[in-house]
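*Asks:* Pasted the sequence and its predicted model underneath.
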Amino acid sequence: MAAEPISPRFNADPSPHVFDGKVYVYATNDQDNSGKYWDSTDWRLFSSNDLKTWADEGSFLSVTVFKWAKPDAKAWAPEAAYRNGKYYFYAPVGGDKIGVAVSDHPKGPFIDARSDALVDKARDANAGAEPIDPAVLIDDDGQAYLLFGTRVPKIVRLKANMIETEGPILDIAIEGFPADDAKKKYGEAPYLHKRDGIYYFTFSTGWPGQIVYATAATPLGPFTYRGVVLDYLEINTNHQAIIDFQGQPWLFYHDKLLEGGGSYKRSITFAPLSYSEGGAMVEVRK
């Protein structure tokens with residue numbers, strides 16, 4: 001089945017979630033960037049009741065909601081989460097900070113949940129070269145984790161309030177990359193989900209990159225490389241997330257799908273995802 005974009009607008013870096021039986025996809029706004037870089041300054045939201053018809057909910061949040069951020073700071077791959085009757089939006093701002101905003105509703109309005117960044121490269125030990133691409137997992141025991149980072153994946157516990165970290169920022173270890181494939185390495189787009197007691201860590205291997213995965217018995221790892229989920233695309237980036245909706249797992253990602261599209265003008269799409277009887281993720285074929 002050919003990939004279909006969820007919108008005629010350019011958008012990227014999907015953060016899909018099922019809230020009250022409806023799918024919401026928080027996205028980077030490629031439509032309004034320069035076309036020469038990922039330099040938009042706001043985020044876009046799309047929603048669907050059935051994964052067939054999509055509503056464009058508009059540019060619901062700008063970096064200007066964070067008074068500590070430069071008004072022209074880049075708005076990159078976002079994340080969202082629900083807890084305590086609130087919706088939390090994790091926003092990489094300017095390539096060196098991650099902010100968090102909060103709302104009573106999935107579509108906002110969102111306000112800054114803090115007076116400063118949740119993660120700050122200049123402030124926080126081991127924040128890495130680029131604290132971007134946030135992803136959140138709330139485990140079965142209630143412990144929440146924030147993943148982020150390029151080149152070296154990072155993970156840190158979140159407090160129950162979802163707006164403060166708890167403990168040190170840790171590196172995620174990935175073992176077992178094929179020795180004969182120098183391209184197999186962590187690049188960006190960390191994402192963690194749990195299925196049948198196994199933690200699946202998916203990520204992009206670089207620029208361009210494959211989406212590959214590793215597994216572990218705990219959310220902190222170490223993880224063991226398992227294989228490819230989505231092969232190289234005809235653009236410089238690859239960014240994924242996974243949800244279950246109506247009994248089916250789905251892989252969301254972005255690609256070059258619309259006329260005039262490319263590495264800076266991308267389009268979000270999705271495909272059914274499956275697992276083997278042994279729990280291995282089956283590669284998605286475009």
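*Replies:* Perfect, thanks for sending it. Numbering: from 1, shown residues only.

*Asks:* Quote the end-to-end distance of stretch 188-202.
*Replies:* 10 Å (CA to CA, to the nearest Å).

*Asks:* list the buried ones in it?
*Replies:* By neighbour count on 16 or more other CB atoms under 10 Å, the buried set for stretch 188-202 is 188, 189, 190, 191, 192, 193, 199, 200, 201, 202. Any C-beta I mention is one placed from the backbone N, CA and C, and that applies to glycine too.

*Asks:* For the closest residue to the first one other than its chain neighbours, identify the helix or strand it belongs to.
*Replies:* It refers to residue 188. Leaving aside its sequence neighbours, residue 188 sits nearest to residue 150 (CB to CB, 6 or more residues apart in numbering; 4.5 Å). Counting by DSSP states H and E, no helix or strand carries residue 150.

*Asks:* Next, the contact list for residue 150, please.
*Replies:* Applying CB atoms under 8 Å, 6 or more residues apart in numbering to residue 150 gives the contacts 128, 129, 130, 132, 133, 187, 188.

*Asks:* Most neighbours out of these, which is it?
*Replies:* In terms of neighbours by other CB atoms under 10 Å, the contacts of residue 150 top out with residue 133 at 28 neighbours.

*Asks:* these two touch, right, that one and residue 189?
*Replies:* Yes: the pair residue 133 / residue 189 is scored as a contact, 5.3 Å apart, by CB atoms under 8 Å.

*Asks:* Could you give the bridge partners of residue 120?
*Replies:* On the basis of DSSP bridges, residue 120 is bridged to residue 97.

*Asks:* got the contact list for it?
*Replies:* 96, 97, 127, 131.

*Asks:* The stretch 51-200 of the chain: strands as residue ranges?
*Replies:* 55-62, 79-83, 86-93, 97-103, 111-112, 119-120, 135-138, 144-148, 154-158, 165-171, 174-175, 188-195, 198-204 (DSSP state E, counting those that start in this stretch).

*Asks:* Compare those strands and report which one is nearest to residue 248.
*Replies:* Ranking the strands of the stretch 51-200 of the chain by proximity to residue 248 (CB to CB) places strand 188-195 first, at 13.0 Å.

*Asks:* Neighbouring strands of that closest one in the sheet, and parallel or not?
*Replies:* Short version: by DSSP bridges, strand 188-195 pairs with strand 198-204 (antiparallel).

*Asks:* residues making contact with the helix or strand just after the partner strand?
*Replies:* Once strand 198-204 ends, the next helix or strand along the chain (criterion: DSSP H and E) is strand 211-216. Contacting residues not belonging to strand 211-216 are listed as 174-176, 184, 189, 198-205, 222-230, 238, 240, 251, 253, 279, 281 [CB under 8 Å, 6+ apart].

*Asks:* now strand 211-216 against strand 188-195, angle please.
*Replies:* 50 degrees (axes from the mean of the first three to the mean of the last three CA atoms, to 10 degrees).

*Asks:* what is the rounded mean pLDDT of strand 211-216?
*Replies:* Across strand 211-216, the average pLDDT comes to 98.

*Asks:* same deal with stretch 27-39?
*Replies:* For stretch 27-39, the per-residue pLDDT averages 98.
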